[in-house]
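In: Just the structure for this:
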Amino acid sequence: MTAATPDGTPLAPSAPETTISAVTGDDERAVVALWEAAGLTRPWNDPSADLRAALSTPTSTVLGARTPEGGLVGTVMVGYDGHRGWVYYLAVDESSRGAGLGRALMVAAEAWLVAEGAPKVQLMVRETNTAVLGFYAALGYSDQACVVLGRRTD
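Out: Next comes the predicted model:
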């Protein structure tokens, strides 16, 4: 896998055998297990429903990083709402962290969103997840000085 940051800077090919492509419904158990192991799920969200919803519309997908043996070691959910691209569920298996796979998944997510026509990419990080904030800052993401408001509809 050869990957680059959005400005074209090559990423270290520390996991050249890993490939990134869209997951399918057949991957549901592995995807959800990875999200749970990475601490991305919450009791009020059904991760299986989130995955199925992302795979059921042409404006979103979930990309997965796989080993040559087919093992799923990373994911990222992307969607384009017609105004902005959004990134969710970026997860890398603990045994594969630190090898550049998170960066490669973000490069793939950004490429997918650009191909969809998204002029801007956004994501949300919980305030308490300070380690991840540093990861995204290193990729060029910054606080957009806005407040995200929400309300459950179910």
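
In: From here on, just use CA atoms for contacts and neighbour counts.
Out: Will do.

In: Check what pLDDT Ala131 gets.
Out: Looking at Ala131, its pLDDT is 85.

In: Determine the number of other residues adjacent to the residue lying closest to Val125 once chain neighbours are set aside.
Out: Closest residue to Val125 apart from its sequence neighbours, by CA to CA, 6 or more residues apart in numbering: Leu133 at 7.1 Å. Counted with other CA atoms under 10 Å, the neighbours of Leu133 add up to 17.

In: Which residues does the strand or helix carrying Leu133 contact?
Out: Using DSSP states H and E, Leu133 sits within helix 130-138. Contacts with helix 130-138, where a contact means CA atoms under 8 Å, 6 or more residues apart in numbering, come from 125, 142.

In: Pairing partners for the residue positioned nearest the centre of the chain in the sheet, please.
Out: Closest residue to the average C-alpha location of the chain: Val76 at 2.2 Å, with CA atoms, centre = their mean. Beta bridges link Val76 to Leu63, judged by DSSP bridges.

In: And the pLDDT for it?
Out: 98.

In: now do Thr153
Out: Looking at Thr153, its pLDDT reads 89.

In: count of residues packed around it?
Out: The burial count for Thr153: 4, using other CA under 10 Å.

In: Trp86 reaches Thr61, doesn't it?
Out: No - the pair Trp86 / Thr61 is not scored as a contact, 10.8 Å apart, by CA atoms under 8 Å.

In: So for the two, which residues contact both of them?
Out: Contact criterion CA under 8 Å, 6+ apart; residues shared by Trp86 and Thr61: 78-79.

In: Mind checking which of those two has more residues around it?
Out: Thr61 (25 against 20).

In: quick revisit: what residues sit buried inside the helix holding Leu133?
Out: Judged by neighbour count (16 or more other CA atoms under 10 Å), helix 130-138 contains these buried residues: 133, 136.

In: got the CA positions of it in CSV?
Out: Written as CSV, here are the backbone C-alpha positions of helix 130-138 (Å, rounded to 0.1, in the frame of the first residue of the first chain):
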residue,chain,number,x,y,z
THR,A,130,-7.0,13.8,23.8
ALA,A,131,-4.6,11.2,22.3
VAL,A,132,-6.7,11.1,19.1
LEU,A,133,-6.8,14.9,18.9
GLY,A,134,-3.0,14.9,18.5
PHE,A,135,-3.3,12.2,15.8
TYR,A,136,-5.7,14.4,13.8
ALA,A,137,-3.7,17.6,14.4
ALA,A,138,-0.7,15.8,12.9
